[in-house]
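[1] 3D, please:
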Amino acid sequence: MARSAHAFVRGNTARFYEWLHDEDQPSIPHGPAIWICGDCHIANLGPVANDQGAVHIQIRDFDQSVIGNPAHDLIRLALSLATVARGSDLPGVTTVRMIEAMLAGYESAFPESDDDEPDIPPSIRLVMKRALRRNWKSLAQERINGVEPSFPVGKNFWTLTKRERSAIAQLMAQTEIVELATQLHHRDNEAHVSLLDAAYWRKGCSSLGKGRYAVLLDVDGGTSDGEDLCLIDIKEAVKSVAPHATKVRMPRDNAKRVVEAATHLSPSLGHRMRAATLLDSQVFVRELLPQDLTLDIDRMGRKQAMRVAMFLASVVGRAHARQMDASTRKAWRAELARNHTRTLDAPSWLWRSVTLLLAQHESEYLDHCRRYVAAEQR
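    Residues are numbered from 1 along each chain as shown. Model prediction:
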């Protein structure tokens, strides 16, 4: 997290919600109780493939998902974008216009919502084109540093214990997991699925302290071109730190919560996920596809910033809108409009939230860097 202010923002979801509920924070609109991402920063959106091969820009991370206030997703995304803007040395004027573009993009998803994606900015279109060109070899080179059907033991992949390997073998033999591997449109639903290799997967900050495993499966023995190789991600699901709405029913099983949220927010990915139990831990399982990419935007130009902000906010808005009926969408848009004057003389609730959060995060980030340097010198 010391790498950049944006990396610090991404890695501090719990602190975000603590800061968000400080007494000094402005009041924010209370939207309908729907599934929200809970950790809606730039890197948690990107191209996602469905089981038929179609690719869409959608939310792609649901660890912190809850039934909650949709305004929280918008503030989290705005903070992420504003932090990137500062890291790109863009003037404050650009950040002002970017936040206004976000509100316009989000509101454009209401009161009506359909399946047609809004116009994709050139910078994100490039990521889409790259996603569509990718194949198994691309995925293997990126994730396991080679195309051999095995995990290289080292920094990122660790050897399993006998107990872990046995438990993973049993999990991969379960009917619903086998169906997960065969559901892609180019695979035979009746194909035999075999386990090739498995390893403990050391990933980024979102996985610290959680169980994470990588599994390679072979569908029907066709390993020569990689089309029938499956890279399976098994991740422990833990309690979300995002506040949830009162008097709502969510699955108590955290893995089922994650999968249900994904199904509502990003159907392309949700239908490719399963909830399970591994070694008494709640886990969710999904196949990683070559087309699944992160929008890792570290720098932006002025025009790009506003277009990206509007587009990503519209993606989030559509994920929210598809969960609401027409009357609820209309009411939520009216509430947003009531809290958003059309003149910059009266700052919006989103602008006030972001400016306060930026100042707090900047202070915390610098202190984090000081502690990081001190630890290196010991």
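[2] Quickly list the domain ranges of this structure.
    Here the domain parsing of the chain from automatic domain parsing is 5-130+294-377, 136-241+266-288.
[3] Generate CSV for these, with mean neighbour count and distance to Glu260 as supplementary columns.
    Where C-beta positions appear, they are placed from N, C-alpha and C, glycine not excepted. Below are these laid out as CSV (neighbours: other C-beta atoms under 10 Å; distance: least, C-beta to C-beta, whole Å):
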stretch, mean neighbour count, distance to Glu260
domain 5-130+294-377, 19, 7
domain 136-241+266-288, 17, 8
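[4] out of the ones you listed, which comes closest to Asn254?
    domain 136-241+266-288 (3.8 Å; C-beta to C-beta).
[5] Any stretches of this protein with poor pLDDT?
    Residue ranges of the chain with pLDDT under 70: 23-24, 111-118, 204-208, 222-226, 341-347.
[6] So which elements touch the longest helix anywhere in it?
    Identified as the longest helix of the chain according to DSSP state H is helix 349-377. Packing contacts for helix 349-377, counted by 3 or more C-beta pairs under 8 Å, 6 or more residues apart in numbering; DSSP states H and E, involve helix 5-10, helix 13-20, helix 70-87, helix 92-107.
[7] go with 6 Å
    In terms of contacts (3 or more C-beta pairs under 6 Å, 6 or more residues apart in numbering; DSSP states H and E), helix 349-377 is packed against helix 5-10, helix 70-87.
[8] can you put those in JSON lines and add distance to Val193?
    Output for the helices and strands packed on helix 349-377, formatted as JSON lines (distance: least, C-beta to C-beta, whole Å):
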{"stretch": "helix 5-10", "distance to Val193": "35"}
{"stretch": "helix 70-87", "distance to Val193": "36"}
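[9] between these, which gets nearest to Lys162?
    helix 5-10 (35.9 Å).
[10] Contacts for the closest one next, please.
    Applying C-beta atoms under 6 Å, 6 or more residues apart in numbering, the external contacts of helix 5-10 come out as Met1, His41, Thr83, Val84, Gly87, His361, Tyr365.
[11] Tell me the one of the residues you listed nearest Asp325?
    His41 (28.7 Å).
[12] does the closest one really touch Leu81, like I thought?
    No. Counting by C-beta atoms under 6 Å, His41 does not reach Leu81; the two are 8.6 Å apart.
[13] List the contacts of Glu236.
    Lys210, Gly211, Ser281, Val283.
[14] same thing with Phe284?
    Taking C-beta under 6 Å, 6+ apart, one finds Lys235, Ala237, Ala255, Val258, Val259, Met273, Ala275 in contact with Phe284.
[15] mind putting those in TSV, distance to Leu356 and secondary structure included?
    Output for the contacts of Phe284, formatted as TSV (distance: C-beta to C-beta, whole Å; DSSP: H, G, I helix; E, B strand; the rest coil):
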residue	distance to Leu356	secondary structure
Lys235	33	strand
Ala237	31	coil
Ala255	35	helix
Val258	30	helix
Val259	34	helix
Met273	35	strand
Ala275	37	strand
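[16] Spell out the secondary structure type for the closest residue to Ile144 other than its chain neighbours.
    Once flanking residues are discounted, Ile144 sits nearest to Phe151: 5.8 Å by C-beta to C-beta, 6 or more residues apart in numbering. Recorded secondary structure, Phe151: coil (DSSP: H, G, I helix; E, B strand; the rest coil).
[17] and which of the contacts of Phe284 is nearest to His30?
    Using C-beta to C-beta, the contacts of Phe284 come closest to His30 at Val258, 24.3 Å.
[18] From Ala331, how far off is Tyr213?
    44 Å (C-beta to C-beta, to the nearest Å).
[19] contacting residues for Gly270?
    Ala262, Thr263.
[20] what's it sitting at in phi/psi?
    Main-chain dihedrals, Gly270, degrees, to the nearest 10: phi -60, psi -40.
[21] how close does it sit to Ala261?
    Gly270 is 8 Å from Ala261, by C-beta to C-beta.
[22] now swap in Lys239 and tell me
    In terms of C-beta to C-beta, Lys239 sits 13 Å off from Ala261.
[23] now Ala71
    Separation of Ala71 from Ala261 (C-beta to C-beta): 17 Å.
[24] How about Ile120?
    For Ile120, the distance to Ala261 - C-beta to C-beta - is 24 Å.
[25] what's the answer for Met300, then?
    Counting by C-beta to C-beta, the gap from Met300 to Ala261 is 28 Å.
[26] same check, this time on Lys129
    Distance of Lys129 to Ala261, computed by C-beta to C-beta: 29 Å.
[27] looking at this, Leu180 is in a helix?
    Yes. Counting by three-state DSSP, Leu180 is part of a helix.
[28] What segments of the stretch 151-300 of the chain are strands?
    Using DSSP state E, counting those that start in this stretch, the strands found in the stretch 151-300 of the chain span residues 157-158, 193-201, 212-219, 229-236, 273-278, 281-288.
[29] got TSV for the ones you listed, with distance to Arg318 too?
    Output for the strands of the stretch 151-300 of the chain, formatted as TSV (distance: least, C-beta to C-beta, whole Å):
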stretch	distance to Arg318
strand 157-158	36
strand 193-201	31
strand 212-219	30
strand 229-236	25
strand 273-278	20
strand 281-288	22
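[30] And those strands: which comes nearest Glu18?
    Of all the strands of the stretch 151-300 of the chain, strand 229-236 sits nearest to Glu18, with 23.2 Å by C-beta to C-beta.
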